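*Asks:* Got a sequence here, can you model it:
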Amino acid sequence: MSAIVARIGAGQAAPRLISALRRQSGPGHSLAGLTLSDYRGASTTLVRTAIGAHTNRPLERIDVPPALQECGSGIGVIVADASEAATDSRQPATDCTGGITVVHTGGIRNARALSDELLAAGHHPRSGHDSWSCAEIIAHLVEEGIRRRLSAHSALDLAVARLDGNCGIIVLEAGRGHLAAAAHGSPLVHARTANEAFIASDVDALPAHIHEFRILGDGYSIEARHLADRWRRRGRELSSPQLHSRISEMPSPPMPLRGPQSSARVPTPAA
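*Replies:* Okay, the predicted model is just below:
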């Protein structure tokens, strides 16, 4: 299974993201990917590599180049199921411009039809061949929306409406360092403190000092900026969902999902 996390705010994103990924990694073989925003219109993928007990590269030893140490925004992914490695190892994935980066959980049943359409429109996977990962498809769909002068949030909403499957998706918009996320069958969690915000597929990814979070249930999306968030449900603006307490609500049963199961450990949101 894959787990995803994103962070935006003051201070260094890399160590916080690495810690979050480490909390979600298992004892065996895993694949990890980490991308940081450099605030100059491009993102830099630091690592997309094997980690774990049977490798020589534990996650804690990832070195962050000095030029990227002050980046406040980033996204990460960890894939612990070896059977998913072939398709998920190309996360984080970027669009044609390199300005949109995507991580996701779950899968897309109409991936072939969407990739054929993207190829016909002039898009190509950055891996250099015609075997698309789900993350690459989503990144290029978001790019299509941005070409139409939509915000990354609106472009993600439009992309999600075209997906047949169950996904939790996080998008990093490198130029501004903003995040957009959507739950399409697979829930995500969001937490904000005075100076930073996190989005993740699992409550365990959140730092220990964060005790309250909100749930992105099916159909919800969010744009997370440095100091504020914008929430939507199925494209319509709404106020923030209710807060949940990790201490009081974590024993609750997980949200039932359809199709490919997410590893997200979140309580079922109120109707």
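*Asks:* Which secondary structure element of this structure has the lowest mean pLDDT?
*Replies:* Using mean pLDDT, DSSP states H and E, helix 85-88 stands out as the lowest-scoring helix or strand of the chain, at a mean of 49.
*Asks:* Tell me the strands beside the following helix or strand past that helix, with direction?
*Replies:* Following helix 85-88 in sequence order, the next helix or strand is strand 93-94 (DSSP states H and E). Strand 93-94 has its sheet partners listed here by DSSP bridges as strand 100-108 (antiparallel).
*Asks:* Need the nearest residue in space to residue 234, chain neighbours excluded.
*Replies:* In space, and not counting its chain neighbours, residue 234 is closest to residue 219: 4.6 Å by Cβ to Cβ, 6 or more residues apart in numbering. C-beta coordinates here come from the backbone N, C-alpha and C atoms, glycine included.
*Asks:* any idea how far the one you found lies from residue 102?
*Replies:* From residue 219 across to residue 102, the span is 19 Å (Cβ to Cβ, to the nearest Å).
*Asks:* Would you mind telling me which of the two has the busier surroundings?
*Replies:* Using other Cβ atoms under 10 Å, the more surrounded residue of residue 219 and residue 102 is residue 102, with 31 against 16.
*Asks:* Quickly list what the more buried one is bridged to.
*Replies:* residue 93, residue 171.
*Asks:* you'd agree it is up against residue 139?
*Replies:* Yes: between residue 102 and residue 139 there is a contact under Cβ atoms under 8 Å: 4.3 Å.
*Asks:* wait, residue 215 sits on residue 241?
*Replies:* Yes: under the criterion of Cβ under 8 Å, residue 215 makes contact with residue 241 at 6.2 Å.
*Asks:* Out of these two, name the residue with the larger neighbour count.
*Replies:* A side-by-side neighbour count of residue 215 and residue 241, using other Cβ under 10 Å, places residue 215 first with 23 against 18.
*Asks:* So the more buried one lies in a strand, does it not?
*Replies:* Yes: counting by DSSP: H, G, I helix; E, B strand; the rest coil, residue 215 is part of a strand.
*Asks:* what's across from it in the sheet?
*Replies:* residue 189.
*Asks:* got it, and residue 75?
*Replies:* Taking DSSP bridges as the rule, residue 75 bridges to residue 6, residue 35.
*Asks:* and after the strand or helix carrying residue 112, which helix or strand comes next?
*Replies:* Element membership for residue 112 (DSSP H and E) is helix 111-120. Heading C-terminal from helix 111-120, the first helix or strand you meet, by DSSP H and E, is helix 134-147.
*Asks:* what about that following helix, distance to the chain center?
*Replies:* Its chain's C-alpha centre and that of helix 134-147 lie 14 Å apart, by Cα atoms, centre = their mean, to the nearest Å.
*Asks:* so residue 159, which of the three states?
*Replies:* helix.
*Asks:* Ok, residue 156 next?
*Replies:* helix.
*Asks:* Contact partners for the residue nearest to residue 234?
*Replies:* Residues counted as contacts of residue 219 (Cβ atoms under 8 Å, 6 or more residues apart in numbering) are 183, 184, 233, 234.
*Asks:* separation between it and residue 198?
*Replies:* Separation of residue 219 from residue 198 (Cβ to Cβ) stands at 21 Å.
*Asks:* who's in contact with residue 101?
*Replies:* 35, 43, 45, 75, 92, 93, 94, 139, 171, 172, 174.
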